[in-house]
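Student: Pasting the sequence and the predicted coordinates here, then a few questions.
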Amino acid sequence: MKKLLVPVLLSTLLAACSSTGTFDQPAGGAAVDERSKGDGSGVATVTAPSASGSGIAALTDPKNILSKRSVMFDFDSYVVKDEFRPLVEAHAKFLVQNPTMKMLIQGNADERGSREYNLALGQKRADAVRKALSLLGAKEAQIESVSLGEEKPRCTEATESCYAQNRRGDMLYSGEF
Amino acid sequence: MKKLLSAYRLLLAATLALVSAVAQAQLSIEITGAGASRFPVAIPVFENEGSLPRGVTDVVRADLERSGLFSLIDMGIAAFPVTTIPDMGSVRSRGADAVLTGSIYQQGDGRFEVRFRLFDTQKQTELGGLSMRMAPAQNRAIGHKIADFVYEKLTGQPGYFSTRIAYVVKSGPTAAPRYELQIADADGMNAATALASREPIISPAWAPDGQRLAYVSFEAKKPVVYVHTLATGQRQVVANFKGSNSAPAWAPDGQRLAVVLTKDGQSQLYVLNADGSGVRRLASSPGIDTEPAWSPDGEWIYFTSDRGGSPQIYRASASGGGAQRVSFEGSYNVTPRPSADGKNLAFITRNNGRFQVAIMDIATKQTTILTDSARDESPSFAPNGRMILYATETGGRGVLAAVSSDGRVKQRLSVQAADVREPSWGPQIR
């Protein structure tokens, strides 16, 4: 436990310095980093702030199951398969033992069809992972499920094996999002 | 602390790199199909156009030709001064049913006056004319206004050449892509970047005032809805609840937005004020509800729902109440977008595994598939309902395309070496 304290503090600091409030509804305007005058088109250019995260040793050690973060789903399915149970259990245990840690679950969908409908399908996958973690003892306040829809494919070819890699939920910890 | 500082420095460097690399790539438009019978019109070069640094006549010609509804009749290099009634018999003998005459007058203050008149050579009558003052740099804007005038006089419908479009360009290496929300004139010129980001941007939606856009940005590692004022670059978070926030759609009054939130469970429809206040749930369903779009009279909200097992189009009263199913044919009908007169619905249908743009007459439910491509998305009507802009794919690359509501006129808009998607046609500002 002691080992974790420093990374947790660091990640909290990092989270504080990026402008990505996630769990609560922030009031008012978003941070605008930089503006440059357009080219007479009446459109000002804004650059979105980009958050960068740092991993935590115990969570990134390839020998540790906690370094595995992806739950894959079958086509048109939103059920966590048995083969991913040990993985989900390990992460649930970690969340229970580290109640200050927060997790963002990003659901994904393959690219076929409407982007917004795929966003909703990705949300169903993220929700399935969230519910599984919650049943295993993680607190609701620790986990947020969101969707990246088809926007962040791991594989970009139009093949079934590629689509399969994109139907997944990814678990990210504080400092990584 | 050192680590913090270096992280901050990295962030700053990334930001500066993004700003300096703002792309000026133009959309180039290629006409891939034209109307069956095009109206022949002669547009001789405007008298004294050489006094302008950049001409007006070519802009008018290109607009009308690109619409697919007109064919240009060559009248040679001679100008037809606006002060003279043209010899309509001679114009007609060249095959033109209408002729536009115009002259440019240099003003003392560095500005110019453009005067033009449009004649019907069959009826031998004048259809109207205008006089406009312009700065030399306004040649394109003035050309679009003249093209709008000609289009409206000859087709009876307002033109759309003075409108703007929004779309998202994805470029750069796969490992470090750059996303830009760009705004361009309807002819693809004057492209400017409103937002540059390392994370995806989707679902841009024009406010009815044409000055603001709502969109979904993933810069916070999750979908959040913003409202962005184009002229100032001022942005406001309007929906960032726990879970996903997406699919913004402006009410015709420009005061409210329909959005999709997952704060209470699955993707569901909510309405909120344009400043993010006053969130209320619009409907409750056992499945996914998404992709809302208001009817122009503000009465209905069209949306996609899989409550019946497959994604289909429904509509619900904007003041709440039960939903009616709108689409029945096929197992995948999504992204409903009503035309400005409220009579038609553009949407995407899956047809033998191909995703294609379709149009439905809402009253009769008569549906026509307008394209023969396979990866169509995000249809968006021109303000006059005549054209539908959409995203598709050719050669593995995202491009924009437009098709007329009768399926005859087809255009492709692309940016060199980049992926273009998520188009949205802006409103007509009068």
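Tutor: It's in.
Student: Quick check, B:Arg140 in contact with B:Asn190.
Tutor: Yes. B:Arg140 is within contact range of B:Asn190, at 7.1 Å (criterion: Cβ atoms under 8 Å). (C-beta placed from N, C-alpha, C; glycine too.)
Student: How far off centre is the helix ranked longest in chain A?
Tutor: Across chain A, the longest stretch assigned as helix under DSSP state H is helix A:115-135. Centroid separation between helix A:115-135 and its chain, computed with Cα atoms, centre = their mean, to the nearest Å, is 11 Å.
Student: got the contact list for B:Ile142?
Tutor: Applying Cβ atoms under 8 Å, 6 or more residues apart in numbering or on different chains to B:Ile142 gives the contacts B:Val56, B:Val59, B:Val114, B:Met132, B:Met134.
Student: Next: B:Asp289.
Tutor: By Cβ under 8 Å, 6+ apart, the contact list for B:Asp289 reads B:Val260, B:Gln266, B:Ser267, B:Gln268, B:Leu269, B:Ala283, B:Phe303, B:Thr304, B:Ser305, B:Arg307, B:Tyr314.
Student: Excluding chain neighbours, what is closest to the first one?
Tutor: Right, the one you point to is B:Val260. Leaving aside its chain neighbours, B:Val260 sits nearest to B:Ala247 (4.2 Å; criterion: Cβ to Cβ, 6 or more residues apart in numbering or on different chains).
Student: Can you get me a residue count around A:Leu66?
Tutor: Using other Cβ atoms under 10 Å in any protein chain shown, the number of residues around A:Leu66 comes to 18.
Student: what does A:Ser161 give?
Tutor: 8.
Student: if we can go back for a sec, turn the contacts of B:Ile142 into JSON lines, columns for pLDDT.
Tutor: Shown next, in JSON lines, are those (pLDDT from 0 to 100):
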{"residue": "B:Val56", "pLDDT": "97"}
{"residue": "B:Val59", "pLDDT": "97"}
{"residue": "B:Val114", "pLDDT": "98"}
{"residue": "B:Met132", "pLDDT": "96"}
{"residue": "B:Met134", "pLDDT": "96"}
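Student: Give the buried subset of the residues you listed as a PyMOL selection command.
Tutor: Those of these that count as buried under 16 or more other Cβ atoms under 10 Å in any protein chain shown are selected in PyMOL with:
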select buried, chain B and resi 56+59+114+132+134
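Student: Narrow the contacts of B:Ile142 to those in strands?
Tutor: Those of the contacts of B:Ile142 mapping onto strands are B:Val114, B:Met132, B:Met134, per DSSP state E.
Student: and the gap between the first one and chain A?
Tutor: Same thing as B:Val114. 19 Å (Cβ to the nearest Cβ, to the nearest Å).
Student: same deal with B:Ser295?
Tutor: Computed as Cβ to the nearest Cβ, the B:Ser295 to chain A distance reads 19 Å.
Student: A strand includes B:Ala62, no?
Tutor: No. According to DSSP: H, G, I helix; E, B strand; the rest coil, B:Ala62 belongs to no strand; its state is helix.
Student: returning to that earlier point: how about the residue nearest to B:Val260, secondary structure?
Tutor: strand.
Student: Number of residues surrounding A:Tyr163?
Tutor: 18.
Student: how about B:Gly426, what does it touch?
Tutor: Counting by Cβ under 8 Å, 6+ apart, B:Gly426 touches B:Thr163, B:Arg164, B:Ile165, B:Ala166, B:Trp206, B:Gly210, B:Pro383.
Student: Tell me the pLDDT of it.
Tutor: If you check B:Gly426, the pLDDT there is 97.
Student: and it, what are its phi and psi?
Tutor: phi -70, psi 170 (degrees, to the nearest 10).
Student: quick one: it from B:Ala258, how far?
Tutor: For B:Gly426, the distance to B:Ala258 equals 19 Å [Cβ to Cβ, to the nearest Å].
Student: I'd say the residue nearest to B:Val260 and B:Ala214 touch.
Tutor: No. The pair B:Ala247 / B:Ala214 is not scored as a contact, 9.6 Å apart, by Cβ under 8 Å.
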